[in-house]
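> Need coordinates for the following:
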Amino acid sequence: MVSAKGKGKKKVPVKRITITAGKQKSLSFKYKGKRISRKKLSCRSSNKKIVTVKKGKIKARKAGKATVTAKYKKSVRKYRITVKAK
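Got it, this is the predicted structure:
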């Protein structure tokens, strides 16, 4: 896991995920040691042409790279998604 600087000096953990175009994958998110349901997450994709995300479920659309940001309460996680061609 890599860290990326967020606002201020706080580091945001970054997890790398590789999937194939057309496939789906669910995000895993822990908050204070407990696994959080993906339906409770607030998620956003940096490039919706590459990856779409809805209720914590990632859908790879075409080859490329994008970052998905997931939030739960005040906790933030970033996922670097690499989509490979079919």
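> Show me what counts as buried in stretch 12-25.
Neighbour counts over stretch 12-25 (16 or more other Cβ atoms under 10 Å) mark 15, 17, 19, 21, 25 as buried. Backbone N, C-alpha and C define where each C-beta goes, glycine included.
> so what's the last one bridging to?
Judged by DSSP bridges, the bridge partners of Lys25 are Ile58.
> ok, it - contacts?
Lys25 sits next to 17, 19, 57-58, 60 when contact means Cβ atoms under 8 Å, 6 or more residues apart in numbering.
> Of these, which is the nearest to Lys49?
The closest of the contacts of Lys25 to Lys49 turns out to be Ala60 (Cβ to Cβ; 11.0 Å).
> so where's this structure shaky on pLDDT?
Where the chain drops to pLDDT under 70, the residues are 1-9.
> Kindly recompute the last result at 80.
Scanning the chain with the threshold set as pLDDT under 80 gives 1-13.
> Going by distance to Ile50, which of the buried residues of stretch 12-25 wins?
Of all these, Ile50 sits closest to Ala21, with 9.0 Å by Cβ to Cβ.
> quick one: which two of the buried residues of stretch 12-25 are the most distant?
The distance between the two most remote of the buried residues of stretch 12-25 (Cβ to Cβ) is 19.8 Å, for Lys15 and Ala21.
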